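Undergrad: what follows is a predicted protein model with its sequence.
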Amino acid sequence: MALIRPTQRLEDCEPTAAEIAQIQRDRMARVKAELKKRDLTACILFDPTHIRYASGSRNMQVYSMRNPARYLFVPAEGKVVMFEYAGCDFLADGLDTIDEVRPATAISYYFCNDNLGDVTKRWAAELHELIQQCGGGKKIALESATSAAAFALQAYGYILSDAQEPLERARCIKVDNEIKMVRASLRAAEQGVRNLEAALVPGITENALWSHLHQHIIATDGDYIETRLLSSGPRTNPWFHECSTRVIEDGDLVGLDTDVVGRFGYYADFSRTFLCGKGQANAAQKTVYQLAYEQIHTNMELVKPGMSFSEYTTRAWKIPKPYQARRYFALAHGVGMCGEYPYIVHREDSDAKGYDGVFEPGMTLCIESYIGHEDGGEGAKLEEQIYIRNDGSIELLSDYPFEQRLLG
């Protein structure tokens with residue numbers, strides 16, 4: 001099946017204000033539906049990505065990842081309560097996904113010192129009261145809180161489970177028009193990578209080069225970049241070196257993985273490898289790049305709704321033996337506001353790490369490749385982002401050109 005090319009103009013990707021409001025309501029409905037499937041009375045969300053997915057509320061995303069300073073109470077039936085950071089209650093204005101805003105009780109030693117035990121008990125008592133108002137069921141989902149918070153809820157007799165499961169399942173199928181947010185994030189990130197590529201000249205450091213993408217992401221109302229995955233020359237193999245003070249030299253390969261949490265909070269996740277300078281690529285550089293190109297294009301074209309992950313793993317492009325040891329950790333993974341379910345590993349890893357499932361309409365996926373020889377030399381990282389449409393067709397979401405000097 002031929003891949004459908006993406007919508008290229010940024011203005012054609014933009015959801016309207018009415019569409020944004022409906023997307024937020026539909027995402028909340030998916031969360032509540034997943035709670036009901038599991039007979040959960042409510043979930044308590046601390047992960048800022050999940051708070052934004054469920055409600056549309058954004059506040060200090062990176063800070064909130066390590067500080068339990070704001071959280072969202074979502075019942076299967078009943079009112080949704082946003083417990084917001086002190087003085088930030090106005091940030092929920094206009095969000096009809098949230099019924100009430102209260103000041104959060106900060107349950108960490110950083111905020112409470114030796115009063116933490118008493119503060120945590122007060123936190124649990126307030127949540128207990130809300131749960132009772134929603135029917136008083138005993139099955140509750142909780143995520144990213146402190147262990148003391150979990151124990152305090154258990155003291156009321158609640159049976160706790162991890163809220164990541166229902167949230168992952170909710171997020172993996174995109175609601176109507178949600179894909180517009182994904183496209184808008186990608187178009188902005190692609191321009192950021194164009195700015196980065198234009199700045200790629202011999203003598204620039206990896207850190208300075210990487211900063212060009214960061215600047216554009218912030219300028220276009222993106223949130224942050226999750227990783228620092230840009231490397232050059234000998235640091236491209238093995239993969240996962242983070243960008244550094246290394247000076248990039250003429251003729252170096254330069255690989256990057258965007259990992260951008262961009263516009264509307266959506267992940268723009270694609271990878272490219274460039275050739276620094278005006279010269280031609282050498283044979284080894286062309287070999288790793290062309291193998292990576294073949295891998296992602298073969299594996300993209302295999303995806304179809306209804307196919308099991310195990311069948312996909314079995315049929316996937318086979319990595320030549322000298323490159324197997326340094327293969328990327330996944331063939332493909334889901335993507336939405338960040339990396340998400342599913343996570344599909346190589347055939348070599350399926351017994352130890354794999355699980356089965358089925359590709360479904362509404363999923364967005366990243367197809368991955370890294371090719372680096374086990375004996376060293378430079379490596380190539382490529383990745384594309386795709387969407388399984390409701391009619392079963394496959395849309396190529398990412399739209400950044402490949403390096404012709406390496407393909408030629």
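TA: That came through, no problem.

Undergrad: from here on, contacts and neighbour counts on C-alpha atoms
TA: Noted.

Undergrad: what residue ranges in the stretch 1-150 of the chain score low on pLDDT?
TA: 1-2, 6-12 (pLDDT under 70).

Undergrad: can you give me the strands for it?
TA: Applying DSSP state E, counting those that start in this stretch to the stretch 1-150 of the chain gives strands spanning 42-45, 71-75, 81-84, 100-103, 139-142.

Undergrad: how about the ones you listed, which one is nearest residue 258?
TA: Nearest to residue 258, of all the strands of the stretch 1-150 of the chain, is strand 42-45, at 26.7 Å by CA to CA.

Undergrad: neighbouring strands - and their directions - for the closest one?
TA: Strand pairing for strand 42-45, using DSSP bridges, gives strand 71-75 (antiparallel), strand 139-142 (parallel).

Undergrad: using TSV, lay out the ones you listed together with mean neighbour count and distance to residue 397.
TA: Formatted as TSV, the strands paired with strand 42-45 follow (neighbours: other CA atoms under 10 Å; distance: least, CA to CA, whole Å):
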stretch	mean neighbour count	distance to residue 397
strand 71-75	25	31
strand 139-142	20	33
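
Undergrad: about what we covered before: now render the strands of the stretch 1-150 of the chain as TSV, adding distance to residue 169.
TA: Shown next, in TSV, are those (distance: least, CA to CA, whole Å):
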stretch	distance to residue 169
strand 42-45	14
strand 71-75	16
strand 81-84	22
strand 100-103	26
strand 139-142	14
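
Undergrad: domains of the chain?
TA: Split into domains by automatic domain parsing, the chain comes to 12-171, 178-407.

Undergrad: tell me the buried residues in whatever helix or strand residue 382 lives in?
TA: Using DSSP states H and E, residue 382 sits within strand 380-388. Applying a neighbour-count criterion of 16 or more other CA atoms under 10 Å, one finds 380-388 buried in strand 380-388.

Undergrad: which other helices and strands contact that strand?
TA: strand 253-257, strand 271-275, helix 283-302, strand 364-371, strand 394-396 (3 or more CA pairs under 8 Å, 6 or more residues apart in numbering; DSSP states H and E).

Undergrad: gap between the third one and the chain center?
TA: In this case it means helix 283-302. On the basis of CA atoms, centre = their mean, to the nearest Å, helix 283-302 sits 24 Å off its chain's mean C-alpha point.

Undergrad: deepest in the core, which of the helices and strands packed on strand 380-388 is it.
TA: strand 364-371 (a mean of 28; mean count of other CA atoms under 10 Å).

Undergrad: could you pull up the mean pLDDT of that one?
TA: The pLDDT scores in strand 364-371 average 98.

Undergrad: neighbouring strands for that strand, and are they parallel or not?
TA: strand 332-335 (antiparallel), strand 380-388 (antiparallel).

Undergrad: make TSV out of those strands and add mean pLDDT.
TA: Shown next, in TSV, are those (pLDDT from 0 to 100):
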stretch	mean pLDDT
strand 332-335	98
strand 380-388	98
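
Undergrad: out of those strands, which gets nearest to residue 121?
TA: Set against residue 121 and scored by CA to CA, these come closest in strand 332-335, at 36.6 Å.

Undergrad: contact partners of that closest one?
TA: 172, 267, 269, 339-345, 363-368 (CA atoms under 8 Å, 6 or more residues apart in numbering).

Undergrad: repeat that with 10 Å
TA: Taking CA atoms under 10 Å, 6 or more residues apart in numbering as the criterion, the residues outside strand 332-335 that touch it are 168, 171-173, 182, 266-269, 296, 299-300, 309, 312-313, 339-346, 363-369, 383-387.

Undergrad: cool, stretch 241-253 as well?
TA: Stretch 241-253 is contacted by residues 200-210, 227-236, 254, 256, 273-282, 285, 289, 378-380, 406 when judged by CA under 10 Å, 6+ apart.

Undergrad: wait, residue 350 sits on residue 313?
TA: Yes. Using CA atoms under 10 Å as the test, residue 350 is close enough to residue 313 to be in contact (8.0 Å).

Undergrad: re the thing from before, adding distance to residue 122, write the strands paired with strand 42-45 out as JSON lines.
TA: Putting these into JSON lines (distance: least, CA to CA, whole Å) gives the following:
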{"stretch": "strand 71-75", "distance to residue 122": "15"}
{"stretch": "strand 139-142", "distance to residue 122": "17"}
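
Undergrad: how about the residue nearest the centre of the chain, what does it touch?
TA: Most central in the chain under CA atoms, centre = their mean is residue 338, positioned 1.3 Å from the mean C-alpha point. Residues near residue 338 by CA under 10 Å, 6+ apart: 49-50, 171, 226, 259-262, 265-269.
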